[in-house]
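Colleague: fold the stuff below for me.
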Amino acid sequence: MSALLEVRGLEVRAGSQPLVEDVGFAIGRGERLGLIGESGSGKSLTASAIMGLLPEGLTAAGSATLAGTELIGAGEGTLSGLRGRELAMVFQEPMTALNPAMRVGRQVAEVMLLHNTRPNRRAAHAAAVELLDRVRLPDPERTARAYPHQLSGGQRQRVVLAIALANDPALLICDEPTTALDVTVQAQILELILDSTRDRDTSLLFITHDLAVVASVCDRVLVMYEGRIVEEGSTRQVLSAPEHGYTRRLLAASTLEVSK
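Modeller: Next up is the predicted model:
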């Protein structure tokens, strides 16, 4: 399997304080990779560094190449040309990812117009409605005319997923995308993400602290602890026969059962 994303020696620092250290991994084309660990372990910082979206005051070093293009240290022009087209991200809280003053159909259409993947606004709107239907939103034409506050949390997260998938990105990064949702809606969103990445052969980096989610979604898993990758392997291998003490503690604290 050829690597789509290759990360080598990734570091994130706040001044001289290391927050992420010597992180390295690869994601193959069409592969679904899980990144697990407790809050504060460095999972989201790793994703933000790859996306070029680190908070002010933090710096990244090392290398992360997407289909051969270096992301770490790249200029905003390069990154903005890639974000939303070659790589896209689904965040934990959809209300922070959506513009509250813009109808959701227009927000889905805008990302296509921005990257010129549709010839005009009418074609982009039609594609947006089709995407809203694909992520199983009810009455997609009507939903396209709604504002974010008029939708439920699960519906808003479907809109965010539609935006992320609008330009068929090669890599989709999901950062705790179901944490704020109830269990039933969570299962629906996970099924959507899995179906969408399978249908489009999209690579997936799925960040979570929920081992059951990783078991249901990911082919392979990385375990992160205090800013470092401490274990990696196939999902079944890591979750059924963990080698690192931290992974064993995560499993002990979970109700997950993995067949060996």
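Colleague: top helix in this protein by residue count?
Modeller: helix 183-200 (DSSP state H).
Colleague: quick check: next helix or strand after the lowest-mean-pLDDT helix or strand in the chain?
Modeller: Least confident helix or strand, the chain: helix 94-97 with a mean of 82, by mean pLDDT, DSSP states H and E. Using DSSP states H and E, the helix or strand that follows helix 94-97 towards the C-terminus is helix 104-114.
Colleague: name the residues of that following helix that come out as buried.
Modeller: The neighbour-count criterion (16 or more other CB atoms under 10 Å) identifies 104-114 as the buried residues of helix 104-114. Yep, even glycine has a C-beta here, placed from its N, CA and C like the rest.
Colleague: next: stretch 225-240.
Modeller: For stretch 225-240, by 16+ other CB under 10 Å, it's 225, 227, 229-233, 235, 237-239.
Colleague: which one of those is nearest Leu58?
Modeller: Of all the buried residues of stretch 225-240, the one with the least separation from Leu58 (CB to CB) is Gly227, at 12.3 Å.
Colleague: relative to His209, how far out is that closest one?
Modeller: Note on Gly227: its distance to His209, by CB to CB, to the nearest Å, is 15 Å.
Colleague: rewinding a little: filter the buried residues of stretch 225-240 down to just the ones in strands.
Modeller: 225, 229-233 (DSSP state E).
Colleague: closest to Leu79 out of the residues you listed?
Modeller: In terms of CB to CB, no member of these lies closer to Leu79 than Ile229, at 23.8 Å.
Colleague: related to what we said a few turns ago, contacts for the longest helix of the chain?
Modeller: Applying CB atoms under 8 Å, 6 or more residues apart in numbering, the contact partners of helix 183-200 are 30, 32, 90, 134-136, 152-154, 157-158, 161, 165, 168, 172, 174, 177-178, 181, 202-204, 206, 213, 216-217.
Colleague: what of stretch 10-23?
Modeller: The contact list for stretch 10-23 (CB under 8 Å, 6+ apart) reads 7, 9, 24, 42, 45-46, 49, 54, 57-64, 72, 224, 227-229.
Colleague: among the residues you listed, which lie within strands?
Modeller: Cross-referencing those against strands under DSSP E gives 7, 9, 24, 58-64, 224, 228-229.
Colleague: who wins for most neighbours among those?
Modeller: Among the ones in strands among the contacts of stretch 10-23, the one with the most neighbours (other CB atoms under 10 Å) is Ala64, at 25 neighbours.
Colleague: that one touches Ala3, doesn't it?
Modeller: No - if you go by CB atoms under 8 Å, Ala64 and Ala3 don't touch, sitting 11.4 Å apart.
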